[in-house]
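3D model of this:
(chains A and B)
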Amino acid sequence: MNRQDPRAPSQHRRAAAAARRDESLARSRARREASRSRHQAALDRNRRQREVSLVDLVDRLLDGGVVIHGDITLAVADVDLLYVGLRALVASVETLEREMGASLRPRGESLRAGAL
Amino acid sequence: MLYLYGITESPSLPQLDGLGGAPLEAIDDEGLFAVVSEHDELPVEASEGALWTHEEVVEVMMDDAPVLPMRFGSVVADEAVVRDTLRRRRPALEEALERVRGAVELSVRVAIARESLEEPDTDGENAPGPGTAYLVGRLKRLQRQRELAARIHEPLTSIARSSTSWSGAPERPLWKAAYLVPRDQIEPFMERVRILDDELSEATVVCTGPWPPYSFSSGDGAP
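Prediction:
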(Lines give C-alpha, C1' and ligand atoms only; values in the text may rest on other atoms or scores of the structure.)
Protein backbone atom coordinates (compact mmCIF):
# COMPACT_ATOMS: atom_id res chain seq x y z
CA MET A 1 0.00 0.00 0.00
CA ASN A 2 2.67 2.41 1.12
CA ARG A 3 4.83 1.57 -1.82
CA GLN A 4 2.10 2.66 -4.10
CA ASP A 5 1.84 6.05 -2.46
CA PRO A 6 4.79 7.69 -4.21
CA ARG A 7 3.55 6.19 -7.45
CA ALA A 8 0.02 7.27 -7.01
CA PRO A 9 0.66 10.97 -7.52
CA SER A 10 2.82 10.23 -10.53
CA GLN A 11 0.12 7.99 -11.96
CA HIS A 12 -2.27 10.71 -11.16
CA ARG A 13 -0.03 13.25 -12.89
CA ARG A 14 0.29 11.01 -15.92
CA ALA A 15 -3.44 10.49 -16.05
CA ALA A 16 -4.01 14.21 -15.69
CA ALA A 17 -1.45 14.93 -18.40
CA ALA A 18 -3.12 12.38 -20.68
CA ALA A 19 -6.49 13.93 -19.98
CA ARG A 20 -5.09 17.36 -20.77
CA ARG A 21 -3.60 15.98 -23.96
CA ASP A 22 -6.91 14.41 -24.97
CA GLU A 23 -8.72 17.57 -24.12
CA SER A 24 -6.36 19.72 -26.13
CA LEU A 25 -6.56 17.27 -29.04
CA ALA A 26 -10.35 17.37 -28.87
CA ARG A 27 -10.25 21.16 -28.71
CA SER A 28 -8.04 21.47 -31.75
CA ARG A 29 -10.16 18.90 -33.59
CA ALA A 30 -13.25 20.92 -32.72
CA ARG A 31 -11.50 24.10 -33.85
CA ARG A 32 -10.50 22.45 -37.11
CA GLU A 33 -14.02 21.13 -37.57
CA ALA A 34 -15.54 24.52 -36.82
CA SER A 35 -13.19 26.25 -39.21
CA ARG A 36 -13.88 23.66 -41.89
CA SER A 37 -17.64 24.01 -41.52
CA ARG A 38 -17.36 27.81 -41.48
CA HIS A 39 -15.37 27.60 -44.67
CA GLN A 40 -17.90 25.22 -46.19
CA ALA A 41 -20.76 27.48 -45.12
CA ALA A 42 -19.05 30.42 -46.81
CA LEU A 43 -18.56 28.36 -49.98
CA ASP A 44 -22.20 27.28 -49.95
CA ARG A 45 -23.26 30.84 -49.37
CA ASN A 46 -21.23 32.12 -52.31
CA ARG A 47 -22.61 29.47 -54.62
CA ARG A 48 -26.17 30.18 -53.55
CA GLN A 49 -25.56 33.89 -53.99
CA ARG A 50 -24.41 33.45 -57.58
CA GLU A 51 -27.51 31.40 -58.41
CA VAL A 52 -29.82 33.77 -56.64
CA SER A 53 -28.36 36.86 -58.30
CA LEU A 54 -29.89 35.99 -61.66
CA VAL A 55 -33.26 35.32 -60.08
CA ASP A 56 -33.08 38.63 -58.24
CA LEU A 57 -32.00 40.42 -61.40
CA VAL A 58 -34.96 39.13 -63.41
CA ASP A 59 -37.30 39.82 -60.52
CA ARG A 60 -36.17 43.43 -60.22
CA LEU A 61 -35.76 44.42 -63.84
CA LEU A 62 -39.05 42.92 -65.01
CA ASP A 63 -41.18 43.66 -61.96
CA GLY A 64 -39.57 46.67 -60.31
CA GLY A 65 -38.33 50.05 -61.38
CA VAL A 66 -40.05 53.10 -62.75
CA VAL A 67 -42.76 52.37 -65.29
CA ILE A 68 -43.78 54.92 -67.86
CA HIS A 69 -46.76 52.95 -68.91
CA GLY A 70 -48.75 55.69 -70.54
CA ASP A 71 -45.83 56.99 -72.54
CA ILE A 72 -44.62 53.82 -74.15
CA THR A 73 -45.07 54.31 -77.83
CA LEU A 74 -44.50 50.78 -78.99
CA ALA A 75 -47.33 48.97 -80.64
CA VAL A 76 -48.90 46.47 -78.28
CA ALA A 77 -47.82 43.69 -80.63
CA ASP A 78 -44.18 44.70 -80.26
CA VAL A 79 -44.41 44.75 -76.51
CA ASP A 80 -46.07 41.35 -76.51
CA LEU A 81 -43.29 40.01 -78.70
CA LEU A 82 -40.78 41.28 -76.21
CA TYR A 83 -42.55 39.47 -73.41
CA VAL A 84 -42.80 36.28 -75.44
CA GLY A 85 -39.04 36.44 -75.84
CA LEU A 86 -38.55 37.11 -72.18
CA ARG A 87 -40.70 34.16 -71.25
CA ALA A 88 -37.95 31.72 -72.20
CA LEU A 89 -35.58 33.52 -69.89
CA VAL A 90 -38.14 33.68 -67.13
CA ALA A 91 -38.85 29.97 -67.54
CA SER A 92 -35.20 29.10 -67.04
CA VAL A 93 -35.12 31.28 -63.97
CA GLU A 94 -38.23 29.58 -62.64
CA THR A 95 -36.52 26.22 -62.95
CA LEU A 96 -33.61 27.64 -61.00
CA GLU A 97 -35.95 28.92 -58.33
CA ARG A 98 -37.77 25.60 -58.06
CA GLU A 99 -34.45 23.94 -57.43
CA MET A 100 -33.87 26.41 -54.66
CA GLY A 101 -37.33 25.86 -53.24
CA ALA A 102 -38.39 29.32 -54.20
CA SER A 103 -40.93 30.89 -56.50
CA LEU A 104 -40.36 33.63 -59.00
CA ARG A 105 -43.03 36.17 -58.60
CA PRO A 106 -45.43 36.19 -55.70
CA ARG A 107 -45.76 39.84 -56.69
CA GLY A 108 -47.99 38.51 -59.43
CA GLU A 109 -48.90 41.54 -61.44
CA SER A 110 -45.50 41.81 -63.13
CA LEU A 111 -44.38 43.37 -66.32
CA ARG A 112 -46.98 45.99 -67.03
CA ALA A 113 -48.49 46.95 -63.71
CA GLY A 114 -47.41 49.48 -61.15
CA ALA A 115 -47.05 52.66 -63.18
CA LEU A 116 -45.56 55.58 -61.33
CA MET B 1 -36.64 55.54 -80.43
CA LEU B 2 -35.06 55.91 -77.04
CA TYR B 3 -34.41 53.18 -74.51
CA LEU B 4 -34.42 54.41 -70.89
CA TYR B 5 -32.13 53.13 -68.15
CA GLY B 6 -32.76 55.42 -65.22
CA ILE B 7 -33.49 58.88 -63.88
CA THR B 8 -31.01 60.80 -61.78
CA GLU B 9 -29.85 64.24 -60.61
CA SER B 10 -26.34 64.04 -62.01
CA PRO B 11 -25.43 65.05 -65.56
CA SER B 12 -22.41 62.72 -65.64
CA LEU B 13 -22.77 59.78 -68.01
CA PRO B 14 -21.47 56.28 -67.27
CA GLN B 15 -18.46 55.48 -69.45
CA LEU B 16 -20.20 52.46 -70.89
CA ASP B 17 -22.07 51.35 -73.97
CA GLY B 18 -25.78 50.81 -73.76
CA LEU B 19 -27.84 47.98 -75.25
CA GLY B 20 -26.49 46.71 -78.54
CA GLY B 21 -23.36 48.85 -78.05
CA ALA B 22 -25.31 52.10 -78.53
CA PRO B 23 -23.79 55.19 -76.84
CA LEU B 24 -25.47 56.60 -73.77
CA GLU B 25 -26.97 60.08 -73.70
CA ALA B 26 -28.48 62.22 -70.98
CA ILE B 27 -31.69 64.14 -71.55
CA ASP B 28 -32.35 66.81 -68.96
CA ASP B 29 -35.17 68.87 -67.67
CA GLU B 30 -34.08 71.41 -65.06
CA GLY B 31 -31.85 69.19 -63.00
CA LEU B 32 -33.50 65.87 -63.67
CA PHE B 33 -31.66 63.62 -66.11
CA ALA B 34 -32.82 60.55 -67.97
CA VAL B 35 -30.04 58.30 -69.27
CA VAL B 36 -31.03 56.79 -72.61
CA SER B 37 -29.63 55.22 -75.76
CA GLU B 38 -30.98 55.79 -79.24
CA HIS B 39 -32.05 52.95 -81.50
CA ASP B 40 -33.59 52.55 -84.93
CA GLU B 41 -35.58 49.55 -83.89
CA LEU B 42 -36.64 47.87 -80.68
CA PRO B 43 -33.29 47.37 -78.96
CA VAL B 44 -34.52 44.84 -76.50
CA GLU B 45 -33.47 41.29 -77.04
CA ALA B 46 -34.69 39.11 -74.27
CA SER B 47 -31.43 37.75 -72.98
CA GLU B 48 -29.58 37.56 -69.73
CA GLY B 49 -26.86 39.71 -71.32
CA ALA B 50 -29.33 42.49 -72.11
CA LEU B 51 -30.60 42.47 -68.53
CA TRP B 52 -27.06 42.74 -67.19
CA THR B 53 -26.29 45.61 -69.60
CA HIS B 54 -29.29 47.56 -68.31
CA GLU B 55 -28.27 46.73 -64.75
CA GLU B 56 -24.66 47.77 -65.26
CA VAL B 57 -25.62 51.18 -66.65
CA VAL B 58 -27.88 51.83 -63.68
CA GLU B 59 -25.27 50.60 -61.20
CA VAL B 60 -22.63 52.97 -62.57
CA MET B 61 -25.14 55.85 -62.48
CA MET B 62 -25.72 54.99 -58.85
CA ASP B 63 -22.07 55.73 -58.01
CA ASP B 64 -22.61 59.43 -58.67
CA ALA B 65 -26.05 60.29 -57.40
CA PRO B 66 -29.37 58.79 -56.37
CA VAL B 67 -31.00 56.89 -59.22
CA LEU B 68 -34.48 55.68 -60.03
CA PRO B 69 -33.96 52.64 -62.24
CA MET B 70 -36.41 52.16 -65.09
CA ARG B 71 -38.13 48.85 -65.58
CA PHE B 72 -36.40 46.77 -68.27
CA GLY B 73 -37.88 47.41 -71.70
CA SER B 74 -38.91 51.05 -71.25
CA VAL B 75 -38.88 52.63 -74.68
CA VAL B 76 -40.25 55.98 -75.85
CA ALA B 77 -40.46 57.72 -79.22
CA ASP B 78 -38.14 60.66 -78.76
CA GLU B 79 -36.54 63.30 -76.54
CA ALA B 80 -39.73 65.33 -76.34
CA VAL B 81 -41.54 62.44 -74.66
CA VAL B 82 -38.72 62.03 -72.15
CA ARG B 83 -38.70 65.76 -71.29
CA ASP B 84 -42.46 65.79 -71.00
CA THR B 85 -42.37 62.76 -68.68
CA LEU B 86 -39.69 64.36 -66.49
CA ARG B 87 -41.69 67.58 -66.32
CA ARG B 88 -45.06 66.03 -65.57
CA ARG B 89 -43.76 63.64 -62.95
CA ARG B 90 -41.22 65.95 -61.37
CA PRO B 91 -42.79 66.04 -57.87
CA ALA B 92 -43.10 62.25 -57.66
CA LEU B 93 -39.64 61.70 -59.14
CA GLU B 94 -37.99 64.20 -56.80
CA GLU B 95 -39.71 62.66 -53.83
CA ALA B 96 -38.60 59.18 -54.87
CA LEU B 97 -35.00 60.37 -55.43
CA GLU B 98 -35.02 61.88 -51.95
CA ARG B 99 -36.28 58.61 -50.49
CA VAL B 100 -33.46 56.55 -51.99
CA ARG B 101 -30.66 59.10 -51.51
CA GLY B 102 -27.55 57.50 -50.02
CA ALA B 103 -29.14 54.07 -49.89
CA VAL B 104 -29.11 50.83 -51.87
CA GLU B 105 -31.49 47.92 -52.20
CA LEU B 106 -30.57 44.60 -50.65
CA SER B 107 -32.52 41.47 -51.45
CA VAL B 108 -33.17 38.71 -48.96
CA ARG B 109 -34.58 35.35 -49.95
CA VAL B 110 -35.53 32.70 -47.46
CA ALA B 111 -36.14 29.14 -48.56
CA ILE B 112 -37.81 27.25 -45.75
CA ALA B 113 -37.28 23.51 -45.35
CA ARG B 114 -40.76 22.01 -45.77
CA GLU B 115 -40.19 19.42 -43.05
CA SER B 116 -39.69 22.18 -40.52
CA LEU B 117 -43.24 23.34 -41.16
CA GLU B 118 -44.77 19.93 -40.59
CA GLU B 119 -45.84 18.83 -37.15
CA PRO B 120 -46.11 15.22 -36.04
CA ASP B 121 -49.75 14.19 -35.62
CA THR B 122 -50.22 13.91 -31.89
CA ASP B 123 -53.95 13.60 -31.27
CA GLY B 124 -54.58 10.26 -32.94
CA GLU B 125 -57.71 9.56 -30.89
CA ASN B 126 -60.05 12.32 -31.90
CA ALA B 127 -58.37 12.98 -35.20
CA PRO B 128 -60.42 15.24 -37.46
CA GLY B 129 -61.61 14.15 -40.87
CA PRO B 130 -59.12 14.39 -43.73
CA GLY B 131 -60.58 17.66 -45.02
CA THR B 132 -60.30 19.41 -41.68
CA ALA B 133 -56.87 17.94 -41.05
CA TYR B 134 -55.70 19.32 -44.35
CA LEU B 135 -56.97 22.80 -43.62
CA VAL B 136 -55.63 22.81 -40.08
CA GLY B 137 -52.27 21.58 -41.32
CA ARG B 138 -52.16 24.24 -43.96
CA LEU B 139 -53.01 26.94 -41.46
CA LYS B 140 -50.32 25.74 -39.05
CA ARG B 141 -47.74 25.70 -41.80
CA LEU B 142 -48.69 29.23 -42.82
CA GLN B 143 -48.44 30.39 -39.25
CA ARG B 144 -45.03 28.81 -38.73
CA GLN B 145 -43.84 30.33 -41.98
CA ARG B 146 -45.03 33.72 -40.76
CA GLU B 147 -43.25 33.30 -37.43
CA LEU B 148 -40.03 32.35 -39.14
CA ALA B 149 -40.31 35.32 -41.50
CA ALA B 150 -40.80 37.64 -38.55
CA ARG B 151 -37.67 36.32 -36.86
CA ILE B 152 -35.72 37.31 -39.95
CA HIS B 153 -37.57 40.46 -40.90
CA GLU B 154 -37.53 42.26 -37.56
CA PRO B 155 -33.79 42.51 -36.97
CA LEU B 156 -33.27 43.47 -40.62
CA THR B 157 -35.93 46.22 -40.70
CA SER B 158 -34.22 47.79 -37.71
CA ILE B 159 -31.16 48.36 -39.93
CA ALA B 160 -33.08 49.38 -43.06
CA ARG B 161 -34.68 52.68 -43.97
CA SER B 162 -37.61 50.97 -45.61
CA SER B 163 -38.66 47.48 -46.63
CA THR B 164 -41.17 45.44 -48.53
CA SER B 165 -41.80 41.69 -48.46
CA TRP B 166 -43.66 38.84 -50.15
CA SER B 167 -44.58 35.35 -48.94
CA GLY B 168 -45.08 32.24 -50.97
CA ALA B 169 -47.86 29.72 -50.46
CA PRO B 170 -47.26 27.09 -47.77
CA GLU B 171 -46.99 24.49 -50.54
CA ARG B 172 -43.93 26.31 -51.75
CA PRO B 173 -42.38 27.79 -48.66
CA LEU B 174 -40.54 30.91 -49.62
CA TRP B 175 -40.29 34.32 -48.19
CA LYS B 176 -38.53 37.24 -49.80
CA ALA B 177 -37.98 40.85 -49.01
CA ALA B 178 -36.26 43.96 -50.30
CA TYR B 179 -34.63 46.45 -47.94
CA LEU B 180 -33.59 50.01 -48.61
CA VAL B 181 -30.33 50.24 -46.66
CA PRO B 182 -28.10 53.28 -46.08
CA ARG B 183 -24.70 52.71 -47.68
CA ASP B 184 -22.84 52.72 -44.37
CA GLN B 185 -25.13 49.96 -43.10
CA ILE B 186 -24.56 47.49 -45.95
CA GLU B 187 -21.88 45.51 -44.12
CA PRO B 188 -23.73 45.31 -40.78
CA PHE B 189 -26.86 44.27 -42.68
CA MET B 190 -25.08 41.49 -44.58
CA GLU B 191 -23.38 40.32 -41.40
CA ARG B 192 -26.79 40.11 -39.72
CA VAL B 193 -28.06 37.98 -42.61
CA ARG B 194 -25.07 35.64 -42.28
CA ILE B 195 -25.78 35.25 -38.57
CA LEU B 196 -29.46 34.50 -39.25
CA ASP B 197 -28.50 31.95 -41.91
CA ASP B 198 -26.23 30.20 -39.41
CA GLU B 199 -28.75 30.39 -36.57
CA LEU B 200 -31.80 29.12 -38.43
CA SER B 201 -31.38 25.46 -39.27
CA GLU B 202 -34.86 25.28 -40.83
CA ALA B 203 -34.19 27.96 -43.43
CA THR B 204 -31.65 29.14 -45.95
CA VAL B 205 -31.23 32.90 -45.92
CA VAL B 206 -29.50 34.50 -48.88
CA CYS B 207 -28.76 38.17 -49.42
CA THR B 208 -27.81 39.73 -52.75
CA GLY B 209 -26.96 43.26 -53.70
CA PRO B 210 -26.34 46.10 -53.51
CA TRP B 211 -28.99 46.67 -56.17
CA PRO B 212 -30.34 49.95 -57.49
CA PRO B 213 -33.59 50.69 -55.65
CA TYR B 214 -35.90 48.84 -58.08
CA SER B 215 -38.37 48.02 -55.33
CA PHE B 216 -38.47 51.56 -53.95
CA SER B 217 -38.75 53.65 -57.09
CA SER B 218 -42.44 53.84 -57.77
CA GLY B 219 -44.52 56.77 -56.65
CA ASP B 220 -46.31 55.32 -53.67
CA GLY B 221 -43.28 53.82 -51.97
CA ALA B 222 -44.29 50.25 -52.72
CA PRO B 223 -43.04 48.32 -55.74
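
mean confidence for stretch B:161-172?
What stretch B:161-172 shows for mean pLDDT is 80.

excluding sequence neighbours, find me the nearest residue to B:Leu2.
Nearest residue to B:Leu2 in three dimensions, chain neighbours excluded: B:Val36, at 4.3 Å (CB to CB, 6 or more residues apart in numbering or on different chains). Any C-beta I mention is one placed from the backbone N, CA and C, and that applies to glycine too.

got the contact list for the host helix or strand of that neighbour?
Assigning secondary structure by DSSP states H and E places B:Val36 in strand B:32-38. Applying CB atoms under 8 Å, 6 or more residues apart in numbering or on different chains, the set of residues contacting strand B:32-38 from outside is B:1-11, B:13-14, B:18-20, B:22-28, B:43, B:57, B:61, B:82, B:85-86, B:90, B:93-94.

switch the cut-off to 6 Å
Here strand B:32-38 makes contact (CB atoms under 6 Å, 6 or more residues apart in numbering or on different chains) with B:2-8, B:11, B:18, B:22, B:24-27, B:82, B:86.

chain A contacts on chain B?
Within chain B, the positions adjacent to chain A are B:42, B:44, B:46, B:51, B:68-77, B:81, B:85, B:107, B:109, B:111, B:166, B:168, B:172, B:174, B:206, B:208, B:214-215, B:217-219, B:223 by CB under 6 Å from any CB of the partner chain.

do you have the helices of chain B handy? List them.
Secondary structure of chain B by DSSP state H: the helices cover B:48-64, B:79-88, B:90-100, B:130-157, B:186-199.

my guess is B:Ala113 meets B:Glu202, correct?
Yes. With contact defined as CB atoms under 6 Å, B:Ala113 and B:Glu202 form a contacting pair (5.1 Å).

ok so, going back, each with direction, which strands does the strand holding B:Val36 pair with?
Applying DSSP bridges, strand B:32-38 is found paired with strand B:2-8 (antiparallel), strand B:24-29 (antiparallel).

got the angle between that strand and helix B:90-100?
For strand B:32-38 against helix B:90-100, the angle by axes from the mean of the first three to the mean of the last three CA atoms, to 10 degrees is 100 degrees.

which parts of strand B:32-38 are buried?
Neighbour-count burial for strand B:32-38 flags B:32-37 (criterion: 16 or more other CB atoms under 10 Å in any protein chain shown).

please apply the same query to stretch B:18-32.
Neighbour-count burial for stretch B:18-32 flags B:18-19, B:22, B:24-25, B:27, B:29, B:32 (criterion: 16+ other CB under 10 Å).

can you tell me the distance between the two ends of it?
One end of stretch B:18-32 to the other measures 20 Å (CA to CA, to the nearest Å).

do stretch B:153-162 as well
End-to-end span of stretch B:153-162 (CA to CA): 12 Å.

so, low pLDDT: which residues of chain B?
Applying pLDDT under 70 to chain B picks out residues B:43-46, B:116-127, B:168-173, B:219-223.
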